[in-house]
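>>> Here is a sequence together with a model predicted from it:
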Amino acid sequence: MGRIGIWNTAFLGDAVLTLPLIRTIKAAFPDSPIDFYVRKGVESLFTAQPELDNVYGYDKRGTQKSIFSAMCYGRELAQKEYSLWISAHTSLRSGVIARWTSAHTRIGYNKPLFNNWLYTTTVDRKFPELEEIDRLMQLVKPLSITKTLDWPEMVLPQSAYDEVDTFWSKHIDSPVLGVHPGSVWATKRWPAEYYADVVAKAIDAGAQVLVFAGPGEESMAQEVIDKSGAQDSDRLIDLSGALTLVQLAAYLNKLNCYVSNDSGPMHLAWAQRTPVTAIFGPTVRELGFFPRGEASTVLETDIECRPCGLHGPKTCPKGHFNCMHSITPDMVWNDAKKKLFA
């Protein structure tokens, strides 16, 4: 086997979930260089991954958005002479790029229907029968690979771990709860006052709290801090908007517990075996994108209208938002405190 290209330009969490597939491919073809193609902006997370030779970001929302750009990019990639191309993304744009790479073997999913003309081999994704990692493993079946590796084993640059160790030695002397109230999708956000209640409970119990937020989410974090009544507490550290993606992942690696919505950072946490308390409202565990491992918990309630989409809409279609309101702060705290003080 020669050079291998693996493509998943969906969201951050999807790229993390692709790591078991990458590890499986590398174990089967240890001498083959592997290039990983991800959504532009997340490539820095994977540069230290030992299975990968190169990581490239694709600007699917910017300069490389059009189908014509996809064709041109595919032709450019053809110069790399890939022997194997595996695409975990189902869009037409991804299929066009795969076709124009001219890789000898191109494996993708058999739906949408046009994929059957763009790939040399297609497989059934089995959605929603399988969890997402297992769906991704369908893509190796045509290669007769019998041993699969089902954990991401994310590896970050050593400098990121060192930076966090320094922070911990200066600021941390107790179990640490991390909270991340933001999400790209509004209906995935547990109410700020609920997060604030959990923050207050954690501080009262003797824990320290780190508040995280990505670019554009700072106001959400500030609302939680303000409503917690812990604005002036030295037990709370506000890291909202202060970290790169790699730094965020390294901080999550050190937490005793991470409370999060169904989001990309949630996957960064459990993939590093950080105990996670995940709050699922419009999405459900059965969709297959949940945190794995014994230290992970998905909190959700049985409401007839769930799920209301693969990602969650901007507003509640029913107007009541009961899927999130019915998950109480006590429910979350009762789960999180077991992990914090284990």
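Arrived safely, thanks for sending. Keep in mind that this is a model prediction, so the values were computed, not measured.
>>> ok, now which ones touch the nearest residue to P265 once chain neighbours are set aside?
Leaving aside its sequence neighbours, P265 sits nearest to H180 (CB to CB, 6 or more residues apart in numbering; 5.4 Å). Any C-beta I mention is one placed from the backbone N, CA and C, and that applies to glycine too. H180 makes contact with V211, F212, A213, Y258, V259, S260, N261, S263, P265, M266, according to CB atoms under 8 Å, 6 or more residues apart in numbering.
>>> same thing but 6 Å
By CB atoms under 6 Å, 6 or more residues apart in numbering, the residues touching H180 are F212, S260, P265.
>>> Relative to V38, how far out is it?
Taking CB to CB, to the nearest Å as the measure, H180 and V38 are separated by 21 Å.
>>> Also L77?
Plainly put, L77 is 14 Å away from V38 if you go by CB to CB.
>>> higher neighbour count, the two?
A side-by-side neighbour count of L77 and V38, using other CB atoms under 10 Å, places V38 first with 25 against 22.
>>> Which elements pack onto the helix or strand hosting A15?
In this assignment (DSSP states H and E), A15 forms part of helix 12-17. Applying 3 or more CB pairs under 6 Å, 6 or more residues apart in numbering; DSSP states H and E, one finds that helix 12-17 contacts helix 264-270.
>>> what's downstream of the helix it packs on, the next helix or strand?
Per DSSP H and E, the first helix or strand lying C-terminal to helix 264-270 is strand 276-279.
>>> following that following strand, which helix or strand shows up next?
Next in sequence after strand 276-279, counting helices and strands by DSSP H and E, comes strand 296-299.
>>> what about whichever helix or strand comes after that following strand, distance to the chain center?
Remark: after strand 296-299, the chain's next helix or strand is helix 322-325, criterion DSSP H and E. Average the C-alpha atoms of helix 322-325, do the same for its chain, and the two points are 23 Å apart (CA atoms, centre = their mean, to the nearest Å).
>>> same question for helix 322-325, mean pLDDT?
Averaging pLDDT along helix 322-325 yields 95.
>>> buried stuff in it?
Using 16 or more other CB atoms under 10 Å as the burial criterion, the residues of helix 322-325 that qualify are N322, C323, M324.
>>> just stretch 130-139 next, same as before
Using 16+ other CB under 10 Å as the test for burial, stretch 130-139 gives E131, E132, I133, R135, L136, M137, Q138, L139.
>>> Export the helix or strand encompassing the fifth one to PDB, keeping only CA atoms.
Yep, that's L136 we're talking about. For L136, the host element (DSSP H and E) is helix 132-137. Provided in PDB are the C-alpha atoms of helix 132-137 (Å, rounded to 0.1, in the frame of the first residue of the first chain):
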ATOM      1  CA  GLU A 132     -20.500   6.800  14.800                       C
ATOM      2  CA  ILE A 133     -17.100   5.200  15.400                       C
ATOM      3  CA  ASP A 134     -18.600   1.800  14.300                       C
ATOM      4  CA  ARG A 135     -20.100   3.500  11.300                       C
ATOM      5  CA  LEU A 136     -16.700   4.800  10.400                       C
ATOM      6  CA  MET A 137     -15.200   1.300  10.700                       C
END
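>>> what's downstream of that helix, the next helix or strand?
Moving toward the C-terminus from helix 132-137, the next helix or strand (DSSP H and E) is helix 158-171.
>>> Isn't I6 up against F36?
Yes: contact criterion CB atoms under 6 Å: I6 and F36 qualify, at 5.2 Å.
>>> anything in contact with each of the two?
Joint contacts of I6 and F36 (CB under 6 Å, 6+ apart) do not exist.
>>> Most remote residue from the middle of the protein, which is it?
The centre of the chain is farthest from one residue, D232, which by CA atoms, centre = their mean lies 32.1 Å away.
>>> Can you tell me the SS state at that one?
Under DSSP: H, G, I helix; E, B strand; the rest coil, D232 falls in the coil class.
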